[in-house]
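Peer 1: Pasting the sequence and the predicted model now:
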Amino acid sequence: MTKHELTPKSVQASKISIAQLMQPEHANNLGNVHGGWIMKLVDEAGALTCMRHSQRRVVTVAVDSLVFQEPIRIGDLVIINAEVSYTGRTSMEAEVNVLAENPITGERTHTNTAYLVYVALDENGHPVKVPPLRTETELEITRMQKARERQEHRLKQR
């Protein structure tokens with residue numbers, strides 16, 4: 001085990017933002033962005049923030065509900081912000097927020113928030129310990145407590 005695996009890391013240290021312009025190839029048969037495309041981007045952003053936190057490869061083990069509150073339209077800039085909200089022994093929860101922005105007017109719409117769980121892997125594909133999450137603000141403390149409650153609920157569901 002290396003030293004960096006046990007050193008707590010801040011939420012800010014692994015935060016990720018991805019922005020992508022939605023093109024016609026991203027459309028569903030209604031002319032909006034296909035939900036599966038957004039799901040792919042959400043999973044990538046969640047995985048990247050957890051990889052940055054753990055400095056390891058990760059695999060997705062759970063996706064909480066992904067409810068699309070507003071459609072995303074072709075021509076919108078999709079902005080996905082992800083951060084680690086909880087760490088366990090080998091697992092991490094990522095909170096991923098999705099915004100749709102009209103790049104002409106600048107108007108932004110929050111379309112959904114998703115929570116995903118990843119497990120860090122060693123070189124042989126086995127789960128490995130991850131650094132603890134260091135909270136620095138009241139918001140981060142509250143977010144981590146809610147994430148801990150979600151993780152307890154997930155484990156009870158097994």
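Peer 2: Structure's in. What do you need?
Peer 1: Please, where are all the helices along this protein?
Peer 2: 35-54, 138-157 (DSSP state H).
Peer 1: In the last one, which residues are buried?
Peer 2: Judged by neighbour count using 16 or more other Cβ atoms under 10 Å, the buried positions of helix 138-157 are E140, R143, M144, A147, R150, Q151, R154. No exception for glycine: its C-beta is placed from N, CA and C like everyone else's.
Peer 1: Repeat that for stretch 47-63.
Peer 2: A47, L48, T49, C50, M51, R52, H53, S54, R56, R57, V58, A62.
Peer 1: From the residues you listed, which one has the minimum pLDDT?
Peer 2: By pLDDT, A62 ranks lowest within those, coming in at 94.
Peer 1: rewinding a little: would you mind listing the two of the buried residues of stretch 47-63 that lie farthest apart?
Peer 2: R52 and A62 (19.4 Å; Cβ to Cβ).
Peer 1: so what's the spatially most central residue of the chain closest to, chain neighbours aside?
Peer 2: Taking Cα atoms, centre = their mean, the centroid of the chain lies closest to G46, which sits 2.9 Å from it. Using Cβ to Cβ, 6 or more residues apart in numbering and skipping residues adjacent in sequence, the residue nearest G46 is A94, 3.6 Å away.
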